[in-house]
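**Q** With the sequence up front, the predicted model follows.
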Amino acid sequence: MSEKLSMRRIEKKNKHTAFERSRVRVGMLFLLPSALLCIVFIIVPLINVVVYSFHEWNGVSEDMLFVGFENYKQLPSTEGFWEMALATIIFAFGTTVMVIVLSFIVAMALDSKNRGRISRSVYRTMWFFPCILSGSVVGIIWRIMYNYNNGVLNSILRGVGLSPVNWLETYGLTNFAVILAAVWSMMGLCIVIFLAGLQSIPTELNEAAAIDGASNGQIRRHIVIPMMAPSITINVLTTSIAAFKMYELPWLVSGGLPGYSTRLLTQRIYFFAFNASNFGMGSALAVLLILIITVISLIQLVVLRKREDIY
């Protein structure tokens, strides 16, 4: 009798193992198309960029001249490099801060239980709509709005008796104008993530704090914001990475003017590779930008994850 029971257990274990193996095989088959696309369009191009960065190549000829780290050494001495590096940092930092702060405020308002004349779903759709537009479309829209002669913003200023503003050719102001356009296009996704985080907070915590006499501000500061730490981490990382590698929207809004104050490193990569036919310099700058993004992202991840562990 005991032998029969042991045999049944062994057969059951083998069947379970076979089932698990089948699940693994099916899962790998489902992952295979995505893995192939990732290898072809991400891994291989990334390896090629690293290889090109050590060569002098015009992108057409079959011969590539190996120059080692010469391309990297020449980057700091190229025209406008440091101005563009500063413009990239200002753009990425300003966009990330404004997107996170404004998205959190809007998400708190959309999560409110107060009923208005318009459904909350309509408001959420309106805030998310800019995310479905391409960067080119958003850039063109905001460039038209910033037009000095007949733009919407200057028309409003003239309507209230104020002088028009040269949004696209004023140092400092143009940086803000470009950042504002990027913020408008990126807020929607962050709002959705913040809303998901807000709705995952147990209502019992807020109710208990309110019964104990806590004000709305205290509830938000000591309960809501700490419990939103994972959502803040996700939004900060994704927004900062997207801002560092953004290309078309800032270029279409300002064209990099005035001077190099709004010209980003991504735009310089395009110039080296496709305008100057210097794929080596363009690849070197691309690798440098990848390293910068990686280091900044890792620092953000470590700091923000520590904050999550505290709470």
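**A** Done, it's in.
**Q** Now Tyr52: closest residue in space, sequence neighbours ignored.
**A** Computed as Cβ to Cβ, 6 or more residues apart in numbering, the closest residue to Tyr52 that is not its neighbour in sequence is Ser283, at 3.8 Å. Quick note: C-beta positions are derived from backbone N, CA and C, even for glycine.
**Q** Same question for Leu249.
**A** Closest to Leu249 by Cβ to Cβ, 6+ apart is Gly135, at 3.9 Å.
**Q** what about the residue nearest to Tyr52, which helix or strand?
**A** Ser283 belongs to helix 279-310 when assigned by DSSP states H and E.
**Q** What average pLDDT does that helix get?
**A** Averaging pLDDT along helix 279-310 gives 90.
**Q** Give me the distance between it and the centre of its chain.
**A** With Cα atoms, centre = their mean, to the nearest Å as the basis, helix 279-310 stands 12 Å off its chain's centre.
**Q** mind listing the strands in this protein by residue range?
**A** With DSSP state E as the criterion, the chain has strands at 55-56, 65-66.
**Q** Those: which one's closest to Leu75?
**A** strand 55-56 (13.8 Å; Cβ to Cβ).
**Q** Surely His222 and Asn216 touch.
**A** No: using Cβ atoms under 8 Å, His222 is not in contact with Asn216, being 11.3 Å away.
**Q** Neighbour count: these two, which is higher?
**A** His222 (14 against 11; other Cβ atoms under 10 Å).
**Q** Enumerate every residue touching the more buried one.
**A** Ala209, Ala214 (Cβ atoms under 8 Å, 6 or more residues apart in numbering).
**Q** so how far is Ile211 from it?
**A** Relative to Ile211, His222 is positioned 15 Å away (Cβ to Cβ, to the nearest Å).
**Q** again with Val138
**A** In terms of Cβ to Cβ, Val138 sits 46 Å off from Ile211.
**Q** got it, and Asn147?
**A** The value you get for Asn147 to Ile211, if Cβ to Cβ is used, is 55 Å.
**Q** and the two? which has more neighbours close in?
**A** More crowded of Asn147 and Ile211, by other Cβ under 10 Å: Asn147, with 16 against 8.
**Q** State whether the more buried one and Ser155 are indeed in contact, as I suppose.
**A** No: assessed by Cβ under 8 Å, Asn147 is found out of contact with Ser155, at 9.3 Å.
**Q** related to what we said a few turns ago, any idea how many residues pack against the residue nearest to Tyr52?
**A** Neighbour number of Ser283 under other Cβ under 10 Å is 23.
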